[in-house]
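Chemist: Just to be clear, the model below is a prediction. Sequence and coordinates:
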Amino acid sequence: MQAPAAAERNKGPILEVLRQYAGQAGSGELRVLEVGAGAGLHAAHFARALPQTRWQPSDIDPQALRSIAAYVESTRVPNLLPPILLDVAQGWETWGGTQPTTLDLLVSINMMHIAELRCTEGLFKGAGVLLKPRGVLFTYG
């Protein structure tokens, strides 16, 4: 499991903002897709703190996927799903079977400033299709 210092530092402030969105969605389970989950520290932290979510982490990097899987296994947070391989630059149809208008939150942390423009474009196109009418695309970094 990787634990990047930046992720450790910013997990608390990001969680406080996510809580605002998770609380606005009403009752019931919230479906969350995290694009570019990296090491998985955020996914584990947020899923534990937001038990009303069904947190789906994803990444394109095999090393990141292994780290996320290690977090899933070691934390045993029931609402944290095993990671999926996801290339945000590809069409939403390839995003692990996620269907249109089924996501409450689409989360992307520290991806846009390091990825190619086509990844950001893919993220916004996917958000436009996959988020529920009152769903939120949450970006940081």
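Modeler: Okay, I see it. Numbers count the residues shown, from 1 in each chain.
Chemist: going forward, measure contacts between C-alpha atoms and count neighbours the same way
Modeler: Will do.
Chemist: So which residues make contact with stretch 125-134?
Modeler: For stretch 125-134, the surrounding residues in contact (Cα atoms under 8 Å, 6 or more residues apart in numbering) are 91, 92, 98, 99, 100, 101, 102, 103, 104, 105, 106, 137.
Chemist: same thing but at 7 Å, please
Modeler: Identification of contacts with stretch 125-134 by Cα atoms under 7 Å, 6 or more residues apart in numbering yields 92, 99, 100, 101, 102, 103, 104, 105, 106, 137.
Chemist: Of those, which belong to strands?
Modeler: Members of the contacts of stretch 125-134 lying in strands (criterion: DSSP state E): 103, 104, 105, 106, 137.
Chemist: ok, and the most crowded of those?
Modeler: Highest neighbour count within the ones in strands among the contacts of stretch 125-134: residue 105, with 26 neighbours (other Cα atoms under 10 Å).
Chemist: mind listing the helices for this protein?
Modeler: 5-24, 41-49, 62-75, 117-130 (DSSP state H).
Chemist: for those, which one sits closest to residue 56?
Modeler: helix 41-49 (8.0 Å; Cα to Cα).
Chemist: nearest to residue 66, of the contacts of stretch 125-134?
Modeler: Nearest to residue 66 among the contacts of stretch 125-134: residue 106, at 21.4 Å, using Cα to Cα.
Chemist: and the gap between the residue nearest the centre of the chain and residue 89?
Modeler: Closest residue to the average C-alpha location of the chain: residue 34 at 1.1 Å, with Cα atoms, centre = their mean. Going from residue 34 to residue 89 by Cα to Cα, to the nearest Å gives 14 Å.
Chemist: Over to residue 71?
Modeler: Going from residue 71 to residue 89 by Cα to Cα gives 25 Å.
Chemist: Those two: who's more crowded?
Modeler: The neighbour comparison of residue 71 against residue 89 (other Cα under 10 Å) goes to residue 71, with 24 against 18.
Chemist: The more buried one and residue 121: what is the separation?
Modeler: Using Cα to Cα, residue 71 is found at 29 Å from residue 121.
Chemist: rewinding a little: from the ones in strands among the contacts of stretch 125-134, which is closest to residue 84?
Modeler: residue 106 (14.4 Å).
Chemist: All good on my end, thank you.
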